[in-house]
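Visitor: Structure, please.
(2 chains)
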Amino acid sequence: MRRSLPFELLRYAMILLIIAISLVPTLWMLSMAFKPIAEWSASGAALTWWPENPTLDNFRFIFGQSSSELIVSLERTAARPIMASLLAAIVGTLIAMTAGTAAAYGLSRFGKGNNLPLALIQLRLFPPMAVMIPLMIMWSFLGLIDNWFGLAVVYGIVTLPFAFWLMKTFFDDMPREIEDAALVEGCTRLRVFAVITLPMMRPALASSALFVFIMNWSDYLIALLLTTRDWVTIPVYMTSLSSSMTGQLYGAKAALGLIAAIPPVILGIAIQKHLVRGLTFGALKE
Amino acid sequence: MASIRLENICKHYGDVVALDDVSIEVEDNAFFCLFGPPLSGKSTILKIILGLETPDSGSVFIDDRPMNGVSPAQRNVAMVFQNLALFPHMTALQNVRFPLVERKIAEDVIAARVDEVTKKLHMQHILHKPPSQLSGGERQRVAIARALVRDPVAYLMDDPISALDARLREETRVELRRIQREMNQTVIYVTHDQEEAMSVSDQMAIFEHGRVRQVGAPHDLYDAPASTYVAEMLGAPAINLMAAGGTALNAGRPVPQQAVQLGVRPEHLRVLKDGGNTQVSAIEPMGATTILTLNAGAETMKAALHGQPEFQVGESVSLSVDPAQIHFFDKNGDTLVAV
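Guide: Below is the predicted model:
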């Protein structure tokens, strides 16, 4: 349908407006990460979009514990929290995706008519706090407090229902006949799953894994409760970037925020071509 | 090749009866059609033969060996699915090779087999493409090649050419029949197209609501249907059924007492331009034949005449028929054996 020119202009104006609004915080973070203290602190001059004296001081500060500009120094650098975040989020995603995919396949193919899928999503209806305190006690008995693996296991459990539900809808949509054909052509059930179903599900696995990873990567609450010192994650570490003398270290926070944005962006770009639905395109006659 | 025998197969899905006591015997090297309206149980039969579904009761025998507990792979039956079910993440070549690769056949044997089959189906130029880049007809050929490439005991085909346009369908069914004869294969073929069923099969079984109504050679079923259901399923235009006591047609022989309906195929009606009690209400010239719609009192009939005879709409005519060509049916719709 052809639309009138004013309508088209209005449409694009609205789109640009929404993009601008959602980009402002991101761009502000980008700008602040490269500003010296004089430009981002409250005592500084007027706030500007573009750093007048661009510097890598903020990055040097969070990785080197001190900087020439700032009189404060950090107890620990950002390197270890970044590693903690990566380990916990990646392993947590692997756990959720492995268990979630297996459960989704089983229930999609052989679990007709039971309520298990609904029960799984209902796990998420509990307020997280109600679960976290007993979990904290259990974990401390198991020696999993302040341990990346303990955190990864909880991430895996918490995001499992999402991995399960995403994968289940994909499995439900896959035509049964494709697996039947593979069975007839000489495969066992397991072999069908390995050579037909999983490869066909690559786009589904990629987009579900990205979703689950971002949930794990951006968690604050669980890491706050389950880590204390050695294995704090990026969001928890970020709260420590302040001092009684200077207040919030906005420059350092922006620098860390910028680094934290990198993994999801890289992952997103890597699987972009898979982020389409056409899973079975061409398999069937139309 | 092999014979396939089904004995007293029953299958329910919840409350729905899919198959009700079905027994069929498919001879070695036969082209056997399962014919019936949609959802009459034809596809379920194929799944049971393949081992993808387990019957509630009854048994499948392949070469007289019972198939209970034998996996689909071990049964060694090939299948062309109704929706083709190609593997979308593989190229056409990988699709065709798949059954042989999975059976761990030697690479040089695979190459030779694939070469032979793809040549036969004229599809060597499309082998490098994934299914998403193929046309409907090309996908069809990939699916058929995937079934032909190995050496199964029988081929099952679930309405495999329904996606093609009418002309291509006619060509393909002749081609399928030729390949079946050349390769001396047993084929079980599901279709809902009566013309297709009649033209290709040695034997056919006619289904209604999960039951087999009649089995036989197409011309036998056509000439001697066991019931009004079978009589109406075969032939276009459909057989004329009328009340046995009607006056539209002089049967020319004694009507059996139990006869409630009688049936005459349109091509057996002779139309005489003698101003009788029947009116021509429509004329459809089809080229080789002309179809007349005729009204006689409450009855409407169709007559199929050779060539393009001259008739006018509204013309009064009378009808006659060779008495031997009249079928008599009782109150249940079953054929009465000629008296």
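
Visitor: From here on, just use CA atoms for contacts and neighbour counts.
Guide: Fine.

Visitor: Would you mind listing what in the stretch 51-200 of chain A touches chain B?
Guide: A:175, A:177-178, A:180-181, A:183-188, A:196, A:199-200 (Cα under 8 Å from any Cα of the partner chain).

Visitor: low-scoring stretches of the chain, by residue?
Guide: The chain I'm using is chain A. For chain A, the stretches flagged by pLDDT under 70 are A:1-2, A:42-46, A:65-73, A:113, A:275-286.

Visitor: You answered for a different chain; I wanted chain B.
Guide: Ranges of chain B meeting pLDDT under 70: B:1, B:163, B:246-248, B:250-252, B:338-339.

Visitor: The residue in it that chain A sits nearest to: neighbour count?
Guide: Proximity of chain B to chain A (Cα to the nearest Cα) peaks at residue B:132, 3.7 Å away. Applying other Cα atoms under 10 Å in any protein chain shown, we find 21 residues neighbouring residue B:132.

Visitor: repeat for the one 5 residues further on
Guide: Number of residues near residue B:137 (other Cα under 10 Å) recorded here: 17.

Visitor: Closest to the centroid, which residue in the chain?
Guide: If you meant another chain, say so; for now it's chain A. residue A:214 (0.9 Å; Cα atoms, centre = their mean).

Visitor: Can you look at chain B instead?
Guide: The residue lying closest to the centre of chain B (Cα atoms, centre = their mean) is residue B:197, at 2.8 Å.

Visitor: Pull the contacting residues for that residue.
Guide: Shown in contact with residue B:197 (Cα atoms under 8 Å, 6 or more residues apart in numbering or on different chains): B:33, B:34, B:35, B:191, B:204, B:218.

Visitor: for residue B:22, same thing?
Guide: Counted by Cα under 8 Å, 6+ apart, residue B:22 has contacts B:6, B:7, B:8, B:9, B:10, B:210, B:211, B:212.

Visitor: partners of it in the sheet?
Guide: residue B:9 (DSSP bridges).

Visitor: Tell me which other helices or strands the lengthiest helix in chain B touches.
Guide: As assigned by DSSP state H, the longest helix anywhere in chain B is helix B:166-183. Helix B:166-183 sits against helix B:194-200, with contacts defined as 3 or more Cα pairs under 8 Å, 6 or more residues apart in numbering or on different chains; DSSP states H and E.

Visitor: one more time with 10 Å, if that's ok
Guide: Applying 3 or more Cα pairs under 10 Å, 6 or more residues apart in numbering or on different chains; DSSP states H and E, we find helix B:166-183 packed against strand B:31-35, helix B:136-148, strand B:187-191, helix B:194-200.

Visitor: what's the following helix or strand after the helix or strand encompassing residue A:20?
Guide: Assigned by DSSP states H and E, residue A:20 belongs to helix A:5-33. Sequence-wise, the next helix or strand downstream of helix A:5-33 (DSSP H and E) is helix A:37-40.

Visitor: Check for me that the residue nearest to the centre of chain A belongs to a helix.
Guide: Yes: under DSSP: H, G, I helix; E, B strand; the rest coil, residue A:214 falls within a helix.

Visitor: Thought residue A:85 was touching it, still the case?
Guide: No: Residue A:214 is beyond contact range of residue A:85, at 11.2 Å (criterion: Cα atoms under 10 Å).

Visitor: Test my guess that residue B:24 contacts residue B:205.
Guide: Yes: between residue B:24 and residue B:205 there is a contact under Cα under 10 Å: 7.9 Å.

Visitor: list the residues that contact both of those two?
Guide: Common neighbours of residue B:24 and residue B:205, using Cα atoms under 10 Å, 6 or more residues apart in numbering or on different chains, are B:212, B:215.

Visitor: Name all residues that make contact with residue A:49.
Guide: Per Cα under 10 Å, 6+ apart, neighbours of residue A:49: A:27, A:28, A:30, A:31, A:32, A:35.

Visitor: again, but for residue B:45
Guide: With contact taken as Cα under 10 Å, 6+ apart, residue B:45 is in contact with B:6, B:9-11, B:18-19, B:22, B:34, B:51, B:53, B:55, B:60, B:190, B:210.

Visitor: so which helix or strand takes in it?
Guide: Using DSSP H and E, residue B:45 falls within helix B:42-50.

Visitor: now the residue nearest to the centre of chain B: how far from residue B:36?
Guide: 10 Å (Cα to Cα, to the nearest Å).

Visitor: Mind listing the shared neighbours of the two?
Guide: Overlap of the contact sets of residue B:197 and residue B:36 (by Cα under 10 Å, 6+ apart) consists of B:190, B:191, B:205, B:206.

Visitor: correct me, but the second one touches residue B:159?
Guide: Spelled out, it's residue B:191. Yes: assessed by Cα under 10 Å, residue B:191 is found in contact with residue B:159 at 4.9 Å.

Visitor: what residues are shared contacts of these two?
Guide: B:34, B:35, B:42, B:43, B:82.

Visitor: Report the secondary structure state of residue B:295.
Guide: With three-state DSSP as the criterion, residue B:295 reads strand.

Visitor: all strands of chain A, in order?
Guide: A:242-243, A:247-248 (DSSP state E).

Visitor: Quick one: list the elements packing against the first one.
Guide: Read that as strand A:242-243. Using 3+ Cα pairs under 10 Å, 6+ apart: strand A:242-243 touches helix A:250-270.

Visitor: repeat that with 6 Å
Guide: Strand A:242-243 is packed against no helix or strand, with contacts defined by 3 or more Cα pairs under 6 Å, 6 or more residues apart in numbering or on different chains; DSSP states H and E.

Visitor: partners of that strand in the sheet?
Guide: Paired with strand A:242-243 in the same sheet, following DSSP bridges, are strand A:247-248 (antiparallel).

Visitor: returning to that earlier point: can I get the strands of chain A in TSV including distance to residue B:93 and mean neighbour count?
Guide: Shown next, in TSV, are the strands of chain A (distance: least, Cα to Cα, whole Å; neighbours: other Cα atoms under 10 Å in any protein chain shown):
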stretch	distance to residue B:93	mean neighbour count
strand A:242-243	63	14
strand A:247-248	63	14
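
Visitor: Using CSV, please lay out these together with distance to residue B:226.
Guide: Listed next are the strands of chain A as CSV, based on distance: least, Cα to Cα, whole Å:
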stretch, distance to residue B:226
strand A:242-243, 93
strand A:247-248, 92
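
Visitor: How about the contacts made by residue B:93?
Guide: Counting by Cα atoms under 6 Å, 6 or more residues apart in numbering or on different chains, residue B:93 touches residue B:127.
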